[in-house]
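# for reference, the sequence and a predicted model appear below.
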Amino acid sequence: MATTELQMSPQLEQIHGEIRDLFRALSNGFQRLDKMKDSNRQSKQLEELTGKMRECKRLIKEFDREIKDEESKNPPEVNKQLNDEKQSMIKELNSYVAMRKTYMNTLGNKKIELFDMGAGVSEPTADENVKMASSMSNQELVDHGMKTMDETDQAIERSKKVVEQTIEVGTQTAGTLKGQTDQMGRIVNELDTIQFSIKKASQLVKEIGRQVATDKCIMLFLFLIVCGVIAIIVVKVFFSLTYFNFVVY
């Protein structure tokens with residue numbers, strides 16, 4: 001159904017245009033994939049196409065929410081057209097999902113798990129997917145597509161929780177390391193203070209030693225002076241006695 005035949009609000013037209021652009025990119029991407037021979041390039045191309053399918057799934061869900069929000073404002077025939085277009089887009093997206101699984105089975109590449117049906121359950125082949133899709137009504141296709149999208153959202157939410165827990169553990173570890181770093185810094189500062197105190201004490205001991213040595217020199221000098229004075233007194237007394245004896249005799 002062409003975009004001009006639909007009566008849409010500007011918001012719906014924008015979302016619808018983005019989805020159609022992604023569908024064209026997916027179509028061109030799978031055509032290029034057919035021409036690739038190298039398995040590594042094919043795996044990389046599949047990863048890029050998977051990202052586009054994931055974005056397309058998100059936009060289809062947003063398109064569905066906008067339809068529900070505007071349902072009361074639109075006439076019944078417009079709502080029917082919009083819902084038919086939504087179902088058509090989901091069916092087209094499912095066809096690309098089936099193509100992706102075909103290429104994955106061919107490559108044996110199990111790294112991309114966008115629409116995984118659960119651990120321990122084997123995925124149906126592409127032919128089985130096509131047969132199953134052809135036997136389902138439009139509403140069943142919509143329900144199946146929505147269920148698959150919800151399961152993918154749940155897987156993404158679980159991955160987000162794991163990332164958040166990892167970030168929380170990393171934050172706690174960083175806080176612990178910061179506390180230990182601060183403690184080591186305080187220990188280093190205390191060691192610097194102790195080293196400074198030891199240096200001051202060593203300088204004080206040296207000054208005291210020099211002071212004691214100076215005091216000893218002064219005492220020795222005073223002792224020599226006293227000895228000199230005593231010697232002079234003794235000499236004078238000796239000469240006085242000698243002179244006195246000489247005069248008497």
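It's in. Everything numeric in this text was worked out from a predicted model, so none of it was measured.
# and the helix or strand that contains Lys216, what does it pack onto?
Per DSSP states H and E, Lys216 falls inside helix 138-248. Applying 3 or more C-beta pairs under 8 Å, 6 or more residues apart in numbering; DSSP states H and E, one finds that helix 138-248 contacts helix 39-70, helix 76-107. Yep, even glycine has a C-beta here, placed from its N, CA and C like the rest.
# ok, which of these comes nearest Met8?
Closest to Met8 of the helices and strands packed on helix 138-248, according to C-beta to C-beta: helix 76-107, at 7.2 Å.
# now that closest one: buried residues?
78-79, 81-83, 85-87, 89-90, 92-104 (16 or more other C-beta atoms under 10 Å).
# now do that helix: distance to the chain's middle.
In terms of C-alpha atoms, centre = their mean, to the nearest Å, the centre of helix 76-107 is set 36 Å apart from its chain centre.
# angle of that helix against helix 39-70?
Put simply, helix 76-107 runs at 160 degrees to helix 39-70, going by axes from the mean of the first three to the mean of the last three C-alpha atoms, to 10 degrees.
# quick one: mean pLDDT for helix 76-107?
Summarised as a single mean, pLDDT over helix 76-107 is 90.
# least confident secondary structure element in the chain?
Within the chain, judged by mean pLDDT, DSSP states H and E, the helix or strand with the poorest mean is helix 126-135; its value is a mean of 52.
# can you list the weak-confidence ranges in the protein?
Scanning the chain for pLDDT under 70 picks out 1-5, 108-142, 144-145, 159, 243-249.
# number of nearby residues for the closest residue to Met36 other than its chain neighbours?
With sequence-adjacent residues excluded and distances taken as C-beta to C-beta, 6 or more residues apart in numbering, Met36 is closest to Gln42, at 5.0 Å. For Gln42, the neighbour count with other C-beta atoms under 10 Å is 19.
# next, the angle helix 39-70 makes with the helix holding Lys216.
Going by the same axes, to 10 degrees, helix 138-248 makes 110 degrees with helix 39-70.
# how close does Asp182 get to Val188?
11 Å (C-beta to C-beta, to the nearest Å).
# what kind of secondary structure is Gln7 in?
The three-state label for Gln7, taken from DSSP: H, G, I helix; E, B strand; the rest coil, comes out as coil.
# same check, this time on the one 4 residues further on
Three-state secondary structure (criterion: three-state DSSP) places Gln11 in helix.
# right, and it touches Ile67 too?
No: between Gln11 and Ile67 there is no contact under C-beta atoms under 8 Å: 10.6 Å.
# of these two, which one has the most company?
Each of Gln11 and Ile67 has its neighbours counted (other C-beta under 10 Å); Ile67 has more, 20 against 13.
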